[in-house]
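Student: Give me the fold of what follows.
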Amino acid sequence: MVLILIICISIISVNSVSSLAPVAAIEDIEDIPVGEPVLVEGGLVVTVLKKPTKCIKQATPGDNLKVQYTGRLTDGAGEIFDTSLKEGFPPYAFQLGVGRVIEGYEKGVPGMCKGETRTLLVPASMGYGERGVPGTIPGGATLHFTVELLKISDGELPPPAREKMCYERGEAKPCSEIEANKEDL
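Tutor: Reported below is the predicted structural model:
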């Protein structure tokens, strides 16, 4: 009887995330229940550990954020490869949505409130890929981040990069188009 119960619990916990249909974006979910993992397209798993009692503003692309984090290899019990909790280190600051952090952060942090803590289980494809970070993160590693959002301040996304323009026979065209035409000759 006990063996059957243990097997059932194991099956439920293994399937609790894998049986979920992935959501396109974490911010599409209005209220993520504490402790319930959410699978995001691409394999990212987001779990809310703690919510503030009142949420005045949620993190959105363009916002400037300050977070405390701990990054581990594989899971929540894995080897720590980086943390902002070292004595004398300031919280980590970044702008959401401009590509200054790994894709797992870009897709796992939107919708967070000040004082909220989440875990991000980041597949290699949304982290450091098959190359990893030599000496720190092995190639193909799944990463586990515990992230606490300390501060949100309004920011603005920079305008999209403008493509360099070149002239061909007096007509302005994107340089990439002119280069592509040259290759076709």
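
Student: for Val147, phi and psi?
Tutor: Main-chain dihedrals, Val147, degrees, to the nearest 10: phi -120, psi 130.

Student: Can you list the low-confidence ranges for this structure?
Tutor: Low-confidence segments of the chain (pLDDT under 70): 1-20, 180-185.

Student: all helices in it, in order from the N-terminus.
Tutor: With DSSP state H as the criterion, the chain has helices at 2-18, 103-108, 175-184.

Student: Any buried residues in stretch 122-129, and which?
Tutor: Neighbour-count burial for stretch 122-129 flags Val122, Pro123, Ala124, Met126, Gly127, Tyr128, Gly129 (criterion: 16 or more other C-beta atoms under 10 Å). The way it works is simple: take the backbone N, C-alpha and C, and place the C-beta from them, glycine included.

Student: so His144 makes contact with Pro123?
Tutor: No - the criterion here is C-beta atoms under 8 Å, and His144 misses it with Pro123 at 11.0 Å.

Student: hang on, the earlier thing: please produce CSV containing the buried residues of stretch 122-129, extended by distance to Gly135.
Tutor: Converted to CSV, those look like this (distance: C-beta to C-beta, whole Å):
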residue, distance to Gly135
Val122, 19
Pro123, 21
Ala124, 17
Met126, 21
Gly127, 16
Tyr128, 12
Gly129, 16
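
Student: Just the residues you listed: which are in strands?
Tutor: Val122 (DSSP state E).

Student: and of the buried residues of stretch 122-129, the nearest to Leu85?
Tutor: Val122 (18.6 Å; C-beta to C-beta).

Student: The closest one pairs with what?
Tutor: Leu143 (DSSP bridges).

Student: dump the residue contacts of it.
Tutor: Val122 makes contact with Leu44, Ile102, Glu103, Gly104, Gly108, Thr142, Leu143, His144, Phe145 under the criterion C-beta atoms under 8 Å, 6 or more residues apart in numbering.

Student: do Phe94 as well
Tutor: Neighbouring residues of Phe94 by C-beta under 8 Å, 6+ apart: Asn64, Leu65, Val67, Arg100, Val101, Tyr105.

Student: Just grab the bridge partners of it for me.
Tutor: Bridge pairing for Phe94 - DSSP bridges - gives Leu65.
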